[in-house]
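Asker: prediction below, plus the sequence it came from.
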Amino acid sequence: MISPKLRLIREHNRVYRYLLKWLWRVQGKDSPRVYMFHGVVDSPEHVFSQFAITRNSFERFIEYELSRGQIPMDADILKKAVDYPSAYNNHFIVTFDDIYDSVYTNAYPILKAHNVPFIIFVTPSLIDTIDANPKSNNPMITSEHLHEMTSDPLCILGAHATHHVVFRTLNETQARNSMMESKQWLENTFGKKVDFFAFPFGRQVEVSNANIRTLSQCDFCCGFSALDGSLRQKWMSGRWFLPRILVDDEYVAKAWTNKGNRA
């Protein structure tokens, strides 16, 4: 049986998510945006959930954004866009969570070909493993591929906690350790500064206000949720639970349909 507290949290998450989406539509899709991806699979039959996208759709998405005059952000511009979102309309950045080895094999070549910077939010405990999701069973990033990608200036390294857990279940010390230990391990291993953090799962059901306050006291520039919206909604989310936009095959198909209608 679901407890009254959990029911209240779920309802709050539903309303908050609706408001973010509504504000995104009202304020315009050309506000600065952070796009979220997970697995980039070879073909439609390999799409294991809404968090996977085909390689073809991913490439079409990048081409669509660039064709309509959207400007890729690097780490420095992203920091400025978080502070002054209205000054960076028509800017975007691509992010990957966890991450899957398909990001290296399928997405990375496309991003390199178009010179598009991207953030990989890495969970150290998932490196060199297989996804535990039985519907996926895809390999996570290998150490070799991760080292190769992080050596590229286009690749921005972000933290995604030491283990992919529900932060709401952690006490303050555990949450802080997971944030800071993942950051320090990544910086020491790859020799790159880690300024960005993304919460695993990333909804209010899994992330408490206490978790967000803890992140604000750690050595990061900002933090990201998994709730749809643009950086223009920072006034609502705060800088430690910023919205991102999940992109899947359906999102890309609609974008290209709208493009055709406007032509």
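Answerer: Received the coordinates, thanks. Note that the coordinates shown come from a computational prediction; the quantities given were computed from them, not determined experimentally.

Asker: please enumerate the helices of the protein.
Answerer: Assignment of helices within the chain using DSSP state H yields the ranges 4-27, 55-67, 75-83, 101-102, 108-114, 143-150, 172-190, 209-216, 234-237, 249-262.

Asker: Lys41: how many residues sit nearby?
Answerer: I think there's a mix-up here, since residue 41 is Val and not Lys. The number of residues packed around Val41, counting by other C-beta atoms under 10 Å, is 24. To be clear about C-beta, it is placed using only N, CA and C from the backbone, and glycine gets the same treatment.

Asker: quick one: it from Pro139, how far?
Answerer: Separation of Val41 from Pro139 (C-beta to C-beta, to the nearest Å): 12 Å.

Asker: repeat for Ala198
Answerer: Separation of Ala198 from Pro139 (C-beta to C-beta): 21 Å.

Asker: where does pLDDT dip in the stretch 151-263 of the chain?
Answerer: 258-263 (pLDDT under 70).

Asker: can you do 50?
Answerer: Scanning the stretch 151-263 of the chain for pLDDT under 50 picks out 261-263.

Asker: not counting stretch 131-145 itself, show me its contacts.
Answerer: For stretch 131-145, contacts defined as C-beta atoms under 8 Å, 6 or more residues apart in numbering pick out 39, 41, 48-49, 52, 98-105, 120, 122, 126-130.

Asker: bridge partners for the residue nearest the centre of the chain, pull those for me.
Answerer: The structure's the chain has its C-alpha centroid closest to Met36; by C-alpha atoms, centre = their mean the separation is 3.8 Å. When assigned by DSSP bridges, Met36 has beta-bridge partners Thr95, Leu246.
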